Each structure stands twice: as structure tokens, then as C-alpha cells.
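1. need a structure here:
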Amino acid sequence: MIHETAIIEPGANIAEGVEIGPYTIVGKDVSIGKNTTIGAHAVITGRTLIGKNNRIFHHVSLGEQPQDKKYANEPTTLEIGNDNVIREFCTFNTGTIQDKAKTTVGSRNWIMAYVHVAHDCIVGDDVILANCTQLAGHVEIGDFAMLGGFSGIHQFCRIGPHALTGVGSVVLSDVPPYVTCSGDAAKPHGINVEGLKRRGFSTEAIKAIRDAYKVLYRSSLSLKEARERLGELAKEFPIITQMYDFLCSTSGRSIIR
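-> Just a heads-up that it's a prediction; the model follows:
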């Protein structure tokens with residue numbers, strides 16, 4: 001299942017059922033899980049661990065050195081989970097020792113063409129990154145988030161679970177869970193109602209999330225006061241806990257407001 005023109009360096013760990021297309025290069029420190037398919041002209045290098053049942057298309061670059069001037073050939077890694085779709089011309093870099101020394105992409109993600117995942121990013125599970133989405137270093141993307149095409153995420157920013165960015169969004173601050181945003185710089189525009197409905201959130205849960213959004217964005221409360229109010233709401237509506245916890249942690253970028 002490995003094309004005769006592919007180059008597999010000695011030491012690479014290739015599980016059963018893996019397919020590797022023409023002219024693809026796999027480095028010596030790469031591990032590829034069962035039933036993963038890789039297209040033509042891909043380059044998979046560095047200390048890269050890829051799980052099972054992934055579909056990796058043509059011309060991708062996975063595990064290359066981080067685009068960080070401080071990088072000095074330290075042994076950093078890229079880890080990719082299971083059941084992902086990674087389309088053409090995507091580029092995922094390894095981490096840096098200044099952070100976690102690891103870039104992580106979870107499972108069941110749909111990652112469209114020309115997406116860049118920079119060093120030390122964490123991409124959760126069931127995420128959609130549309131065409132030409134660009135993640136700078138140290139970005140965190142929560143589960144079920146969806147980033148519209150040509151979204152650009154500033155370094156160290158966090159996108160909360162179930163959040164959504166519109167096409168061409170430039171995100172310079174954290175986006176709380178459930179929130180929809182767009183623009184340059186991105187501003188909040190309500191909650192991701194359609195996404196929540198598709199994932200089976202009840203009417204009551206969506207109403208509680210909408211009420212939390214109003215506290216955060218449509219009241220006269222300061223961020224600190226809004227956070228305290230959300231803490232009270234979370235006691236009555238546990239679905240709000242994820243938003244409250246997000247606001248209690250920090251990336252140093254504050255949140256979009």
C-alpha cells in the first residue's frame with residue numbers, strides 16, 4: 001500500500017493498512033497509525049505521531065520545524081489524533097521548548113485546504129477549520145469550534161468550545177464558548193445557535209447560554225462583574241459552567257467585547 005516512488009526513511013513506524021501515495025516523504029521519527037491514508041507529494045517529518053483512520057491529502061507538510069526564530073533544533077513534537085480529514089496544502093509545525101514543546105491536533109477534525117497550525121497550538125476534537133484558516137503560535141481551539149474561511153487567529157488567543165468565527169475574521173482576543181464573532185478585529189455577534197441545535201442542545205440550554213451572553217455583552221457590567229454574575233448563573237444552569245471557567249482562566253489576551 002506504499003507507492004514505489006515514496007521515500008520512507010529507516011526508523012519510521014508505519015502500521016498495517018496505511019496507504020502512502022506517490023513521491024511522499026516520511027521521516028525517520030514519524031509514526032503513522034492503522035488505516036491512515038496519505039496522498040501524493042506529502043512531506044511528513046520531525047517527531048510526528050499520527051493516529052489511526054486519518055485521511056491526509058496531497059501536498060501537506062506535517063511536523064516541519066516551527067517558524068520561530070528562537071527555535072534551535074530542540075526535539076519538539078507534533079501529535080495528531082484519529083479520524084481527521086486534512087486537506088491539500090495544510091502545514092502543521094512542531095512545538096517549541098518555550099511552551100509545551102508540542103503541537104496537538106485532536107480527533108475527528110475537518111481541516112480544509114491551506115490551513116496553517118503553528119507551533120504549540122492545541123486543536124481539540126470535532127473542530128472545523130475552513131479553507132486558509134491561519135493559527136499563529138500558542139493558539140488553543142476548543143472542541144466543536146468552527147472557524148470560517150480566511151480566519152486569522154493571533155498568537156496566544158483561545159477560541160472556546162462551540163464558538164464560531166465568520167469568513168475573514170481577524171481574532172485578536174479570546175472568543176468565549178458558544179459565541180459567534182466576525183470582522184477585523186472580530187466582534188461578538190450573538191451565540192452559535194444553529195451549531196448548538198445540530199449538536200442536540202435543548203431549548204432550555206440554548207436559552208441559558210443566550211442569557212449568559214446578554215450578561216457578558218449587553219449589560220452595563222464590567223468584565224469582572226459579568227464573570228461573577230455568570231458564576232451565580234452556573235449554579236442554576238450547569239451549561240454556563242464552561243463559559244464561566246473560560247473567563248476565569250486567562251491567556252493574557254482578554255476577550256472580544
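2. distance of residue 131 from residue 37?
-> If you measure residue 131 against residue 37 using C-beta to C-beta, to the nearest Å, the figure is 21 Å. Every C-beta, even on glycine, is put in place using the N, C-alpha and C of the backbone.
3. can you check residue 69 too?
-> 35 Å.
4. now residue 93
-> Distance from residue 93 to residue 37, by C-beta to C-beta: 22 Å.
5. again with residue 234
-> Separation of residue 234 from residue 37 (C-beta to C-beta) stands at 43 Å.
6. this protein: helices as residue ranges?
-> Assigned helices in the chain, in chain order: 193-198, 203-217, 223-236, 241-248 (criterion: DSSP state H).
7. would TSV of those helices with distance to residue 177 and mean pLDDT be doable?
-> As requested, the helices of the chain are arranged in TSV below (distance: least, C-beta to C-beta, whole Å; pLDDT from 0 to 100):
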stretch	distance to residue 177	mean pLDDT
helix 193-198	10	97
helix 203-217	8	97
helix 223-236	11	95
helix 241-248	5	96
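8. between those, which gets nearest to residue 155?
-> helix 241-248 (18.3 Å; C-beta to C-beta).
9. and that closest one with helix 223-236, angle?
-> Helix 241-248 and helix 223-236 are oriented at 150 degrees to each other (axes from the mean of the first three to the mean of the last three C-alpha atoms, to 10 degrees).
10. what angle sits between helix 241-248 and helix 203-217?
-> 20 degrees.
11. show me what helix 241-248 is packed up against.
-> helix 203-217, helix 223-236 (3 or more C-beta pairs under 8 Å, 6 or more residues apart in numbering; DSSP states H and E).
12. dump those helices to JSON lines, plus distance to residue 75 and mean neighbour count.
-> Formatted as JSON lines, those follow (distance: least, C-beta to C-beta, whole Å; neighbours: other C-beta atoms under 10 Å):
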{"stretch": "helix 203-217", "distance to residue 75": "42", "mean neighbour count": "17"}
{"stretch": "helix 223-236", "distance to residue 75": "40", "mean neighbour count": "15"}
